[in-house]
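Novice: this is the structure alone, sequence omitted:
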Ligand SMILES: Cc1ncc(COP(=O)(O)O)c(C=O)c1O
């Protein structure tokens, strides 16, 4: 793939994901769903102009009135009619996949103006700003009754939401220079002037239009356009706390949950759970998925479905959350801890081979922090010794290695939907498999071993690990945004790599270049030569409002496991030196710069 092809692909992906969100926002004819898709303002709302509004005479009259009152701010000027405005709203706005008009509404939801954003199709602006993935901010019209300050709030809210949702290369606006009010207003809202474009006036019989002036008519132009861009507007104030992780909640999440809680009962009682399971199975590259109340529950069910129990040994890596080993013990089997490999920080294939004994029945490789474990090697060792595989893919939805998705390496796999995970549902998990017989066994246990022979007839003792339809609605919205979530994590990871390059004694964990990790967490390894220890660095960052987490302690060192061999050297070193940096999907570029700046400053003696 050439650089030009890669850029064209990124641009195409960007346009597709923006259109997808715009369409979702506009396809609603219910008032509660309209509010769910809205963005709250201090004193009102931004509500998408949607199907619900098409043909509404009160709104159309107001839109026409506002447009007439501000005619001189538009490049095309004509006599405004209500038929024309109705057609514009239906065709140029609501049915136009590239445009989103947000009605600025008061606290009771009554429209008092609007702002909008459009996918740019202007090659000259791309050339001027030297980048694609552009959104044009505009359609700013203030109605007569809009209170002071609301349009500035609307502008800032829409622009920072677009930065968070779409991570565009830039958001720009094009405004007439003579529209002093708008230019001043955009500057006050953080816009930076980038260019002035000379225009020529073309008068027709019914309308007047301003177009870019040809070079020979530049002096003097009939008017000029001011091009402005908005850097990210999210505050990066040094007093603001920066969390280590956290979800992105958008209109899709709110809309689905509202629908599930209002209508997801009776015949629709498992609709979201089924859609969620289907969507998740596709992400994991397998045929079957069972929504569970946690990843812990999903792993426990998987081991039970595989018949693991007392007298068996199950191999787990030293570096993981304790749940990975707990579920083994919950079945009555014994977890056997092995070292990790220094590249992926996941189960070391050779350590696995050495730990296999006569009672070993299964292995639980962990795709730590979304980095795939070295599965081709693990798979072949497991096959050689007849071991079952249960992948702990807690934060690895969408991760890939050797052309296979995390969760599809054979046996069963479990994902976490806990609130900080890549794809989340508050709490929850997903058990997946491509093996129909295993799926049937797990589904039986999941449903408290009901046999179907009588309403309450069951044939085994089981725990209950079901996920509610309401949580599944939240999870479905997240899975439908997974490409965006992974892209946000990758951008964060890449920025840390670039901004922390060359810091003395510390390095960002890169992983295996052949793997596609989700970069759920970006980790820093703070070596012995660094100016501060890992824990002192974390303390200093906390004093600056920056939240971090140490890498997990080696599991075998926790007090509930019988003392055994010392943990492997890789796990011990990574556990002592690894620090997870703020990696939430909503982390802004400015916040990331603050984190990287603080680390550089603290580690440069
Ligand atoms: C590697 C790993 N495995 C399992 C889990 C458990 O997930 P849950 O909280 O959904 O049970 C986690 C949660 O952080 C994890 O990081």
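Specialist: Done, it's in. Note that the structure is predicted; figures quoted are calculated from it, not measured.
Novice: which SS class is the residue in the stretch 101-250 of the chain positioned nearest to the ligand?
Specialist: Using CB to the nearest ligand atom, the single residue of the stretch 101-250 of the chain nearest to the ligand is residue 245, 10.2 Å away. Just so you know, the C-beta spots here come from the backbone N, C-alpha and C atoms, and that holds for glycine as well. Here residue 245 is recorded as coil under DSSP: H, G, I helix; E, B strand; the rest coil.
Novice: got any ranges where the chain has weak pLDDT?
Specialist: Per-residue confidence for the chain (pLDDT under 70) gives these ranges: 1-3, 215-218, 233-239.
Novice: tell me the contacts of the nearest residue to residue 604 once chain neighbours are set aside?
Specialist: With CB to CB, 6 or more residues apart in numbering as the criterion, residue 604 has its nearest non-adjacent residue at 6.5 Å, and that residue is residue 504. The contact partners of residue 504, taken as CB atoms under 8 Å, 6 or more residues apart in numbering, are 529-531, 603-605.
Novice: measure the closest residue to the residue of the stretch 101-250 of the chain closest to the ligand other than its chain neighbours to residue 380 for me?
Specialist: Closest residue in space to residue 245, ignoring its immediate chain neighbours: residue 420 at 4.1 Å, by CB to CB, 6+ apart. Note on residue 420: its distance to residue 380, by CB to CB, to the nearest Å, is 33 Å.
Novice: burial measure for residue 207, as a count.
Specialist: Burial of residue 207 is recorded as 11 neighbouring residues (other CB atoms under 10 Å).
Novice: what's the helix or strand for the residue nearest to residue 245?
Specialist: Using DSSP states H and E, residue 420 falls within no helix or strand.
Novice: off-centre distance for the helix or strand containing residue 4?
Specialist: In the assignment (DSSP H and E), residue 4 maps to helix 3-26. With CA atoms, centre = their mean, to the nearest Å as the basis, helix 3-26 stands 15 Å off its chain's centre.
Novice: can you name the residues that contact the residue most central in space within the chain?
Specialist: Nearest to the mean C-alpha position of the chain, by CA atoms, centre = their mean, lies residue 485 at 2.5 Å. For residue 485, the contacting residues are 248, 422-423, 478, 585, by CB under 8 Å, 6+ apart.
Novice: can you flag the buried ones in the contacts of residue 504?
Specialist: Neighbour-count burial (16 or more other CB atoms under 10 Å) applied to those gives 530, 603.
Novice: and of the contacts of residue 504, the nearest to the ligand?
Specialist: Using CB to the nearest ligand atom, the contacts of residue 504 come closest to the ligand at residue 530, 25.7 Å.
Novice: helices of the stretch 501-605 of the chain, residue ranges please.
Specialist: With DSSP state H, counting those that start in this stretch as the criterion, the stretch 501-605 of the chain has helices at 534-543, 569-577, 589-603.
Novice: same question for the stretch 151-300 of the chain.
Specialist: So, for the stretch 151-300 of the chain - with DSSP H, counting those that start in this stretch - the helices run 180-188, 251-263, 271-284, 295-305.
Novice: and among those, the most buried is which?
Specialist: helix 295-305 (a mean of 27; mean count of other CB atoms under 10 Å).
Novice: mind checking what helix or strand follows it in sequence?
Specialist: Next along the chain after helix 295-305, with elements defined by DSSP H and E, is strand 313-317.
Novice: now do the helix holding residue 4 against helix 251-263, angle only.
Specialist: Per axes from the mean of the first three to the mean of the last three CA atoms, to 10 degrees, the angle that helix 3-26 makes with helix 251-263 is 30 degrees.
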